[in-house]
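Undergrad: Only the shape, not the letters, is given here:
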């Protein structure tokens, strides 16, 4: 039996409510491409809080959030950090070609 796209999306959003699953999903997407990361971040936002609540917490316009987290999105770094912060995630930097073995240090506060 062939799965419908709506079933897949509903299952994905259900899985993404789990923070560890969402973290792995975002990490894998970030390694794929920036566009893939934006789309994955949109999925996580929808699953965990909904776009309206994330937009409010990140202090961005909801329509801009949809545009920002699209395949053609080109968000400012500050906006991307605000969205990640609203979802309880942060970016961890690694060195190309090496395995990441140390635990991440806490992210600095976003507001100063």
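TA: That came through fine. This one's a predicted model, so the numbers in the text were calculated from it and none came from an experiment.
Undergrad: pretty sure residue 91 is touching residue 85, no?
TA: No. Look at residue 91 against residue 85 with CB atoms under 8 Å: they stay out of range, at 10.3 Å. C-betas here are computed from N, CA, C, even on glycine.
Undergrad: of the two, who's got more company?
TA: With neighbours defined as other CB atoms under 10 Å, residue 91 and residue 85 compare such that residue 85 has more, 16 against 13.
Undergrad: That one and residue 63: what is the separation?
TA: To residue 63, residue 85 is 20 Å away according to CB to CB, to the nearest Å.
Undergrad: Report all helices and strands that the host helix or strand of residue 12 contacts.
TA: Using DSSP states H and E, residue 12 falls within helix 5-15. Packed against helix 5-15 by the contact rule (3 or more CB pairs under 8 Å, 6 or more residues apart in numbering; DSSP states H and E) you find helix 34-48.
Undergrad: residues making contact with the helix it packs on?
TA: 12-17, 19, 22, 25-26, 28-30, 51, 54, 65-66, 68-71, 73, 75, 80, 83-84, 87, 89 (CB atoms under 8 Å, 6 or more residues apart in numbering).
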